[in-house]
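K.L.:
Everything below, folded, please.
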Amino acid sequence: MQKLIDIPDDWYHHLKDTIESPYFNTLGRFIANERKTKTIFPYKDEVFKAFNLTPFQKVRVVILGMDPYPGRNVGEPIAHGLAFSPRKKTYVTPSLRMIYKRIKEDIYPDELSFPTDMNIESWAKQGVLMLNAALTIEEGKSGSHLEPWKQFTEAVFKTLNENTAGLIFCFWGKDALKFAPLINDDVHHVLVASHPVSAVYKGGDWECDHFKRINQILMASNPDDIDWLENLK
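P.N.:
Okay, the predicted model is just below:
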């Protein structure tokens with residue numbers, strides 16, 4: 001199969017109509033032109049990392065972020081192609097700290113120490129699609145590429161909705177929730193919570209039990225849940 005973008009064959013098959021459409025051609029030209037005059041994150045070879053780490057047939061859970069991180073840490077882009085995941089695993093973003101606090105308290109309360117290596121690529125390899133609504137962003141400008149990517153992101157949700165069953169979709173915050181109508185909750189599980197960064201701003205706990213509920217749902221249908229602290233214990 002001759003592919004226009006480097007993603008697994010099963011993803012390409014399901015997204016072929018979108019990838020080979022005039023819309024996607026326009027999107028590609030837009031991003032290429034943006035890179036000529038502006039700093040765009042993540043690097044080119046990391047844009048579709050979420051799809052490469054989680055092939056279509058392996059998807060069990062979808063966690064939706066919005067933008068890639070727009071900033072840098074020690075000179076490097078924080079974003080590297082996975083929602084909520086920082087490039088340098090020792091750099092803990094506020095949202096990720098809230099996420100791990102919930103995981104530790106809800107699932108691993110007996111763990112004595114908080115992990116310092118925030119590598120969530122292991123989640124992707126276990127079937128958690130860590131997808132951002134926009135796969136690129138202009139440095140320092142949140143929301144700058146959300147609209148150009150919207151049609152592609154909608155196509156991802158539509159094909160997952162129509163060609164699978166029993167997936168678990170997590171929508172955090174009002175912006176992510178806009179994609180929820182694309183999912184048939186008679187066929188799939190839809191979990192809704194506030195965005196973790198909202199708890200950071202409010203200075204309180206993040207009220208989200210999704211990690212615990214995900215494992216409960218997975219164990220009820222197939223005794224193989226997500227090890228959220230794999231390689232971090």
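K.L.:
alpha carbons only for contacts and neighbour counts from here, please
P.N.:
Will do.
K.L.:
For the worst-scoring helix or strand of the chain on mean pLDDT, C-alpha coordinates in PDB please.
P.N.:
None of the helices or strands of the chain scores lower by mean pLDDT, DSSP states H and E than helix 196-202, at a mean of 83. Output in PDB follows, covering the C-alpha atoms of helix 196-202 (Å, rounded to 0.1, in the frame of the first residue of the first chain):
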ATOM      1  CA  PRO A 196      -7.200  18.200  35.000                       C
ATOM      2  CA  VAL A 197      -5.800  21.600  34.600                       C
ATOM      3  CA  SER A 198      -9.000  23.100  36.000                       C
ATOM      4  CA  ALA A 199      -8.200  21.500  39.400                       C
ATOM      5  CA  VAL A 200      -4.700  23.100  39.200                       C
ATOM      6  CA  TYR A 201      -6.200  26.600  38.700                       C
ATOM      7  CA  LYS A 202      -8.800  26.000  41.500                       C
END
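K.L.:
How far does that helix sit from its chain's centre?
P.N.:
Relative to its chain's centre, helix 196-202 lies at 18 Å (C-alpha atoms, centre = their mean, to the nearest Å).
K.L.:
With stretch 178-193 instead?
P.N.:
Taking the mean of its C-alpha atoms, stretch 178-193 sits 15 Å from the chain's own mean (C-alpha atoms, centre = their mean).
K.L.:
Now it: buried residues?
P.N.:
Of the residues in stretch 178-193, 179-180, 182-183, 185, 188-193 count as buried by neighbour count, 16 or more other C-alpha atoms under 10 Å.
K.L.:
now swap in stretch 85-96 and tell me
P.N.:
85-88, 91-93, 95-96.
K.L.:
Can you list phi and psi of residue 77 for me?
P.N.:
Main-chain torsions, residue 77, degrees, to the nearest 10: phi -60, psi 140.
K.L.:
Give me the residues contacting the least confident helix or strand of the chain.
P.N.:
Contact with helix 196-202 is made by 94-96, 98-99, 172, 205-206, as judged by C-alpha atoms under 8 Å, 6 or more residues apart in numbering.
K.L.:
So which of these belong to strands?
P.N.:
Among these, DSSP state E puts residue 172 in strands.
K.L.:
okay if I get the contacts of helix 196-202 as CSV plus distance to residue 12?
P.N.:
Below are the contacts of helix 196-202 laid out as CSV (distance: C-alpha to C-alpha, whole Å):
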residue, distance to residue 12
94, 34
95, 31
96, 30
98, 34
99, 31
172, 27
205, 39
206, 36
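K.L.:
tell me the least confident of the contacts of helix 196-202?
P.N.:
Within the contacts of helix 196-202, the minimum per-residue pLDDT falls on residue 205 (86).
K.L.:
Packing partners of the lengthiest helix in the chain?
P.N.:
Looking across the chain with DSSP state H, the single longest helix is helix 146-163. On a contact count with 3 or more C-alpha pairs under 8 Å, 6 or more residues apart in numbering; DSSP states H and E, helix 146-163 meets helix 9-19, helix 22-37.
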